[in-house]
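Colleague: Okay, structure incoming, though there's no sequence with it:
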């Protein structure tokens, strides 16, 4: 008995087609748009575009930009439709598995009836996932979590941001654990917190890497917390999950040696960034490490066309804080939150061909 996204042969074939379509859009259509912009639109314009807004104006009536936009938008619809088929087929048995596993747990699960879910999670269908992250229509519902779990590696691999992981793998968590060991080689964490743990697959990597550590995962989406708890119990891993706001937890001061997150911050807001970083500094123990991983799409790293296509995600693809997050000076945000200027960092790490943005710091012992 296992809580996991589990497509059959035909469902997996359909989902793989969507992944291949997305990969074609990202690695054939979008580079063609880059070339067209530089070689045709820029050279024929009365004045060359010098910023994102000017580049967007040049692209606005271009048919290749329209094609890229249409393909990107509809491939997202296809992705959600493809995983929904698997979820519809398996939802009853998955909830039954969750109920059975949760009745005799190795770890724990805490839900909160007083949690205030803030924007943009409460106001936006993030990634245009139908119903958003926290919709519930049945008792002990995990439908939205199943759908999300089915798309993460599909989307990540199609963007060239994967590490070879298949659906439900903990590959990015294992990568981040390796980064933690590299940046703090003397640290043997006894207590680890995964903020914005989502469906929990990556949280499993921290328990596997440091089996003697107490590992906790928090998220504001109740169906995700249920799924994460069930997935950990399926693997026999004792992990403590809680429905909780990362900016306002109920953990005591200095509770954790290692605090991590993966792709959480760009789904928040500027005010929440400040709250979460302050909470990290409160929760991390002396000598401990805070290490967050997120998207690397900062404008100084992107040509003008990619600045336009990334900002398109804000307007049309359920990514309201994508551009806002990458505009922040995260090292300065860390320092303002209390982090030691000598140990705070905001830079990049390679995961195979992919580049990720990492930021955090150590608290002096």
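Modeller: Arrived safely. For clarity, every value in this text was computed on a predicted model and none was experimentally measured.

Colleague: what about the closest residue in space to residue 362 that isn't next to it in sequence, neighbour count?
Modeller: Of all residues not flanking residue 362 in the chain, residue 343 sits nearest, at 4.5 Å (Cβ to Cβ, 6 or more residues apart in numbering). No exception for glycine: its C-beta is placed from N, CA and C like everyone else's. Other residues near residue 343 number 16, with proximity taken as other Cβ atoms under 10 Å.

Colleague: Verify the stated contact: residue 343 with residue 365.
Modeller: No - using Cβ atoms under 8 Å, residue 343 is not in contact with residue 365; the gap is 10.8 Å.

Colleague: For the helix or strand that contains residue 204, which helices and strands make contact with it?
Modeller: According to DSSP states H and E, residue 204 maps onto helix 201-209. Here helix 201-209 touches helix 171-183, strand 191-195, strand 214-219, helix 222-234, strand 256-262, going by 3 or more Cβ pairs under 8 Å, 6 or more residues apart in numbering; DSSP states H and E.

Colleague: Pull the residues that contact it.
Modeller: 149, 152, 168-174, 176-177, 192, 194, 197, 213, 215, 217, 228, 231-232, 235, 237-239, 241, 258, 260, 262 (Cβ atoms under 8 Å, 6 or more residues apart in numbering).

Colleague: if we can go back for a sec, can you lay out the helices and strands packed on helix 201-209 as CSV showing mean pLDDT, distance to residue 20 and mean neighbour count?
Modeller: Converted to CSV, these look like this (pLDDT from 0 to 100; distance: least, Cβ to Cβ, whole Å; neighbours: other Cβ atoms under 10 Å):
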stretch, mean pLDDT, distance to residue 20, mean neighbour count
helix 171-183, 97, 20, 20
strand 191-195, 99, 31, 26
strand 214-219, 98, 30, 26
helix 222-234, 98, 26, 26
strand 256-262, 99, 25, 26
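
Colleague: From the contact counts, what lies against the longest helix seen in the chain?
Modeller: For the chain, the helix reaching the highest residue count under DSSP state H is reported as helix 63-102. For helix 63-102, the packing partners by 3+ Cβ pairs under 8 Å, 6+ apart come out as helix 9-24, helix 30-36, helix 143-158, helix 222-234, helix 304-316.

Colleague: residue closest to the middle of the chain?
Modeller: residue 263 (3.1 Å; Cα atoms, centre = their mean).

Colleague: residue contacts, it?
Modeller: With contact set as Cβ under 8 Å, 6+ apart, residue 263 has these partners: 196, 293, 294, 295.

Colleague: will you turn those into JSON lines that also has neighbour count, distance to residue 134 and secondary structure?
Modeller: Below are the contacts of residue 263 laid out as JSON lines (neighbours: other Cβ atoms under 10 Å; distance: Cβ to Cβ, whole Å; DSSP: H, G, I helix; E, B strand; the rest coil):
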{"residue": "196", "neighbour count": "23", "distance to residue 134": "13", "secondary structure": "coil"}
{"residue": "293", "neighbour count": "24", "distance to residue 134": "23", "secondary structure": "strand"}
{"residue": "294", "neighbour count": "19", "distance to residue 134": "21", "secondary structure": "strand"}
{"residue": "295", "neighbour count": "19", "distance to residue 134": "22", "secondary structure": "coil"}
